[in-house]
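A.B. asks: structure for this input, please:
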Amino acid sequence: MTEMAMGMTRRLAEFIVNTNDSKITPEIYEHAKTAFLDWLGVTIAGKDDPMIERLMAYANAMGGNPQATIIGYDMKMSVDQAALINGTSSHVLDYDDTLVSFLGHPSVTLFPSLLALSEWHGKNGRDFLTAYLVGLQIGGTIGVCAGLDHYMAGWHATSTLGHLASAAGCAKLLALNVKETQNALGIAATQSSGLKRVFGTMCKPFHAGRSSQAGLMSAILAGNGFTSAEDILEGPQGFFQVLKGKVNEDVLGLLGLGWDVVNISQKYHASCHATHSPLEAALEIIHSEKIPLETINKITIRSSKMALDAAGKETPSTGLEGKFSIPYCVANALLRGETGTQAFTDEKVNQSEIKALMQKIKVVLDPGKTALEAHVDVETKEGRKYSGFSDILQQIPPLSIKKDRVGKKFIDLCESYLSRKKAEQIFQKVQTLEKINNMKQIAEELSSPESRRKSHE
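C.D. replies: Next up is the predicted model:
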């Protein structure tokens, strides 16, 4: 069978099975380690959220074998519960990375299942990172084929594509054959779900954990002979026909010629990525023009339908809703200058000075914009007008800058939960992750952080 005659699902399965570390350069592994460090930081910082307590209570009630570590807790649960809980923890702050081709947040769907599976089976660090890179590539490839039609239909792509990415990565880690891998993708795709209607509720981060968990289960079942449709993506009534999208031969032809991990955009504001371009553009105008906030008459933000669908909440009343409100995120950045996790509390969202500035901010649809780019206009009371533009997903820094920023972000996020010494120990281990013989070593470092203890050892 020629490659062109081969169905998309099988071609992806062939790529998953046949790709090995000899095809991956050291620089690409550096990108993967940077993504892992960023994921660890947001997971540790998100572990105490009330929704995690609820998932922990559910997992305890269900029981199961102690197979994999719950990050930040001195306990192990079943491997699939670990994927669910750690995945949810890592997305609860909405501070995790984004990939344009993935149409959302990839690492929160991959690392939880891969870490749990690696700990359970004693996989080494290089195999762990390879599985991540392969799973990420599969998710990005399917995402390009699904396209904006998929996302705009109301599907939360982090969840729908995350099911498939997690299954692909876990299939790679378990060394499934081509037929088994096709089945793993089929089992995952038939479970794919997640609606954007739930943004601003506990269900959005739950999507990340659930997709990671489902992908893990799919690969394990497939490895044990569980079957599914082997043309789940392109087949009649399959993923693309039902959830939008179509096979893109040009994209499939690029498989193996590059790695999507280089295009990952880490977050430096703890809110929906659709808020970042407006925030950055507004800050640049105010700072470069030295405009006193009290002189502002109005701020007009022109964004895409995609951005408005994701972060168009005009009157948030909770910290969680604030993460999906362009007006709040812009007002908070201008007024307080602090856009980390501490900016998104119920109290801060409802402060009168914030609400007063938000009333001057208007977000309007710009049909000419398609992604997360934003144009910002500021008008002062004296009638002066200033304009700015930002496209945060196209302003990805070089690897060296990424590593520095993510390293600082990791330490900053973890200092409230770990001692400085402990955080730096974990940081150093991640720098040589590809040389670790057994990922249990990493899991042990993460099993019992000195919760809420600050130290400057």
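A.B. asks: the stretch 151-300 of the chain: helices as residue ranges?
C.D. replies: Shown for the stretch 151-300 of the chain, the helices assigned by DSSP state H, counting those that start in this stretch span residues 157-173, 178-191, 203-223, 239-243, 249-252, 276-289.
A.B. asks: could I get the ones you listed as JSON lines with distance to residue 151 and mean pLDDT?
C.D. replies: Every C-beta, even on glycine, is put in place using the N, C-alpha and C of the backbone. What follows is the helices of the stretch 151-300 of the chain, written out as JSON lines (distance: least, Cβ to Cβ, whole Å; pLDDT from 0 to 100):
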{"stretch": "helix 157-173", "distance to residue 151": "5", "mean pLDDT": "97"}
{"stretch": "helix 178-191", "distance to residue 151": "17", "mean pLDDT": "98"}
{"stretch": "helix 203-223", "distance to residue 151": "13", "mean pLDDT": "97"}
{"stretch": "helix 239-243", "distance to residue 151": "10", "mean pLDDT": "95"}
{"stretch": "helix 249-252", "distance to residue 151": "16", "mean pLDDT": "90"}
{"stretch": "helix 276-289", "distance to residue 151": "17", "mean pLDDT": "90"}
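A.B. asks: which of these is buried the deepest?
C.D. replies: helix 157-173 (a mean of 31; mean count of other Cβ atoms under 10 Å).
A.B. asks: could you say what helices and strands that helix packs with?
C.D. replies: The contact analysis (3 or more Cβ pairs under 8 Å, 6 or more residues apart in numbering; DSSP states H and E) places helix 157-173 against helix 8-18, helix 107-121, helix 125-152, helix 178-191, helix 203-223.
A.B. asks: make a markdown table from those and add distance to residue 45 to it.
C.D. replies: Formatted as a markdown table, the entries for the helices and strands packed on helix 157-173 read as follows, by distance: least, Cβ to Cβ, whole Å:
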| stretch | distance to residue 45 |
| --- | --- |
| helix 8-18 | 32 |
| helix 107-121 | 13 |
| helix 125-152 | 21 |
| helix 178-191 | 28 |
| helix 203-223 | 13 |
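A.B. asks: before we move on, back to that, just send the helices of the stretch 151-300 of the chain back as a markdown table, with distance to residue 264 too.
C.D. replies: Output for the helices of the stretch 151-300 of the chain, formatted as a markdown table (distance: least, Cβ to Cβ, whole Å):
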| stretch | distance to residue 264 |
| --- | --- |
| helix 157-173 | 13 |
| helix 178-191 | 21 |
| helix 203-223 | 15 |
| helix 239-243 | 23 |
| helix 249-252 | 18 |
| helix 276-289 | 14 |
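A.B. asks: compare those and give me the one nearest residue 13.
C.D. replies: Taking Cβ to Cβ as the measure, these were each checked against residue 13, and helix 178-191 came out nearest at 4.0 Å.
A.B. asks: make sure residue 325 is actually in contact with residue 317.
C.D. replies: No. If you go by Cβ atoms under 8 Å, residue 325 and residue 317 don't touch, sitting 9.9 Å apart.
A.B. asks: those two: which is more packed in?
C.D. replies: Set residue 325 next to residue 317 and count neighbours by other Cβ atoms under 10 Å: residue 325 wins out with 27 against 13.
A.B. asks: check contacts around the more buried one.
C.D. replies: By Cβ atoms under 8 Å, 6 or more residues apart in numbering, the contact list for residue 325 reads 275, 311, 312, 313, 314, 316.
A.B. asks: ok, what's across the strand from it?
C.D. replies: In this entry, residue 325 is beta-bridged to residue 312, by DSSP bridges.
A.B. asks: likewise for residue 301?
C.D. replies: With DSSP bridges applied, residue 301 shows beta-bridge pairing to residue 363, residue 376.
A.B. asks: check contacts around it.
C.D. replies: Neighbouring residues of residue 301 by Cβ under 8 Å, 6+ apart: 278, 281-282, 326, 330, 361-364, 374-377.
A.B. asks: for those residues, which one is nearest residue 155?
C.D. replies: Ranking the contacts of residue 301 by separation from residue 155, with Cβ to Cβ as the measure, puts residue 326 on top at 21.4 Å.
A.B. asks: pull the number of nearby residues for that closest one.
C.D. replies: Residue 326 sits with 29 neighbouring residues when counted by other Cβ under 10 Å.
A.B. asks: and the protein, what are its domains?
C.D. replies: Residue ranges for each domain of the chain read 8-263, 273-394, as given by automatic domain parsing.
A.B. asks: skipping its backbone neighbours, what lies nearest residue 248 in space?
C.D. replies: Excluding its sequence neighbours, the residue lying closest to residue 248 (Cβ to Cβ, 6 or more residues apart in numbering) is residue 145, at 4.7 Å.
A.B. asks: who are the neighbours in contact with the spatially most central residue of the chain?
C.D. replies: Within the chain, the residue whose C-alpha comes closest to the C-alpha centroid is residue 105; the distance, by Cα atoms, centre = their mean, is 2.7 Å. Residues near residue 105 by Cβ under 8 Å, 6+ apart: 91, 96, 97, 98, 99, 158, 162, 208.
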